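Student: For reference, the sequence and a predicted model appear below.
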Amino acid sequence: MPRGDDHIFEELLVVFAQGGDTEALEELVRRWIPRLSRHAALMSTREAAPDVVQESLLAVARGIRSLDDPARFGAWAQRIVSNKCADWVRREQRQRATHSPGQIESLSQSEGAASGPDDVQLVRAALRSLPPERRALLALRYSDGLTDGAISEALGIPKGTVKSRLHAAREELRRAIQQKEGRDGTAR
């Protein structure tokens, strides 16, 4: 697949950042923060995403010199975000284990639901009902346009696993949409 000018420029920024150029690192972060934030929001929550991204960017800054192939920066950075999100999910699970059932119900109700029968709201609500890993996988494919190979690298799983998990995620999303629409196709 041919690389565009933006991709080549980002590779150059990586090389400069690896050499200690802080302006190159800042530019790289500026370019990638929206994608990494979206990825973090899908794998955690919108509220947690800024903290997860900040932790991830610190890890990127500390580890950029260890990146062997500047062309792999995007997948490498997204993998860092995925790992930080997994850490966040584990922390949340530990905290929820210490909350009472009433507190958990209150928290889940405050996370919001779709407002109205609008198709976009319906899909968003269905996406929110999916586990974070499935939401992130679908976003990497359809929002970020990554190939199976790039998703494999970003998530650290085999390419065949990406294909099967994408299939399962699409099926789960389809069922969630149907459930939210109701069996007769009208929104509930």
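Tutor: The structure has been received and is ready for your questions.
Student: the bottom helix or strand of this protein by mean pLDDT?
Tutor: In the chain, no helix or strand scores lower on mean pLDDT, DSSP states H and E than helix 101-110, which sits at a mean of 39.
Student: Kindly export the helix or strand following that one (C-alpha atoms) in CSV.
Tutor: Next helix or strand after helix 101-110 toward the C-terminus (DSSP states H and E): helix 119-129. C-alpha atoms of helix 119-129 as CSV (Å, rounded to 0.1, in the frame of the first residue of the first chain):
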residue,chain,number,x,y,z
ASP,A,119,-30.8,5.9,13.7
VAL,A,120,-27.6,7.5,14.8
GLN,A,121,-28.7,7.5,18.5
LEU,A,122,-29.8,3.9,18.1
VAL,A,123,-26.4,2.8,16.7
ARG,A,124,-24.6,4.8,19.4
ALA,A,125,-26.7,3.2,22.1
ALA,A,126,-26.0,-0.3,20.6
LEU,A,127,-22.3,0.4,20.5
ARG,A,128,-22.3,1.6,24.1
SER,A,129,-23.8,-1.8,25.1
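Student: List the buried residues in helix 119-129.
Tutor: The neighbour-count check on helix 119-129 (16 or more other Cβ atoms under 10 Å) flags 122, 125-127, 129 as buried. To be clear about C-beta, it is placed using only N, CA and C from the backbone, and glycine gets the same treatment.
Student: any idea which helix or strand comes after it?
Tutor: helix 132-142.
Student: Which strands and helices lie in contact with the helix or strand encompassing F16?
Tutor: Using DSSP H and E, F16 sits in helix 5-18. Contact partners of helix 5-18 among helices and strands, from 3 or more Cβ pairs under 8 Å, 6 or more residues apart in numbering; DSSP states H and E: helix 22-43, helix 73-98.
Student: same thing but at 7 Å, please
Tutor: In terms of contacts (3 or more Cβ pairs under 7 Å, 6 or more residues apart in numbering; DSSP states H and E), helix 5-18 is packed against helix 22-43.
Student: quick one: pLDDT of the residue nearest the centre of the chain?
Tutor: When Cα atoms, centre = their mean is applied to the chain, the residue found nearest the centroid is H39 (2.2 Å). For H39, the pLDDT comes out at 88.
Student: E133 versus that one, what's the distance?
Tutor: Distance of H39 to E133, given as Cβ to Cβ, to the nearest Å: 12 Å.
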